[in-house]
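sequence isn't available, so here's the structure alone:
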């Protein structure tokens, strides 16, 4: 019996990637509907019981007629948890939102050879957009307005 040990080369599923970007657009519009008209910051608190787990901060970096660029980051998270920060480009005409920057990496390729010097996964761009969708969905399901600080 011969076992094929070679993995099949990763191929971008463009339909799936577009569906994820469209869903992310809808989620962002629910969280920050005024992003096109007002340069605004929105914060969504995440708690478990009386313990605050963190705050999702949505900052409008740039607002243009057809696109908006947002910084999506976690504030006041648990000390042992890495703090995610993404830059997201929102395309209003196409009704899509995609991650264009994460941490210090910018302009992701659709496919990376593996292994590579930066140790990107072959489907890094897809993974980041899926992560954004899961993060926003969690905030929509469990988030609330932060309590005022006196």
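Okay, I see it. In this text, all values refer to a predicted model and were calculated from it rather than measured experimentally. Residues are numbered from 1 along each chain as shown.

the most centrally placed residue in the chain sits in which helix or strand?
Of all residues in the chain, the one closest to the mean position by CA atoms, centre = their mean is residue 132, 2.7 Å from it. Applying DSSP states H and E as the criterion places residue 132 in helix 124-142.

shaky segments in this structure?
1-10, 12, 39, 78, 104-114, 116, 118-122, 147-150 (pLDDT under 70).

go with 90
Regions of the chain meeting the criterion pLDDT under 90 cover residues 1-14, 17, 34-55, 65, 74-84, 101-127, 138-139, 141-150.

show me where it has strands.
41-48, 51-63, 67-75, 85-91, 96-102, 105-106, 143-144 (DSSP state E).

other SSEs contacting the last one?
Applying 3 or more CB pairs under 8 Å, 6 or more residues apart in numbering; DSSP states H and E, we find strand 143-144 packed against strand 41-48. Using the backbone N, CA and C atoms, a C-beta is placed for each residue, glycine as well.

sorry, back to before: reformat the strands of the chain as TSV; add distance to residue 26.
Converted to TSV, the strands of the chain look like this (distance: least, CB to CB, whole Å):
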stretch	distance to residue 26
strand 41-48	16
strand 51-63	15
strand 67-75	14
strand 85-91	11
strand 96-102	9
strand 105-106	25
strand 143-144	16
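
which one of those is the most hemmed in?
strand 96-102 (a mean of 21; mean count of other CB atoms under 10 Å).

what's it in contact with?
Outside strand 96-102, the residues within contact range by CB atoms under 8 Å, 6 or more residues apart in numbering are 18, 21-22, 24-25, 28, 69, 84-91, 106-108, 125, 128-129, 131-132.

and that strand, which strands flank it?
Partner strands and pairing direction for strand 96-102 (DSSP bridges) are strand 85-91 (antiparallel), strand 105-106 (antiparallel).

and those: which comes nearest residue 58?
Comparing the strands paired with strand 96-102 against residue 58 with CB to CB, the closest turns out to be strand 85-91 (8.9 Å).

what angle sits between that closest one and strand 67-75?
Angle between the axes of strand 85-91 and strand 67-75 is 160 degrees (criterion: axes from the mean of the first three to the mean of the last three CA atoms, to 10 degrees).

tell me the angle strand 85-91 makes with helix 124-142.
90 degrees.

hmm, who's touching strand 85-91?
Outside strand 85-91, the residues that touch it by CB under 8 Å, 6+ apart are 24-25, 28, 35, 61, 66-74, 96-103, 106, 128, 132.
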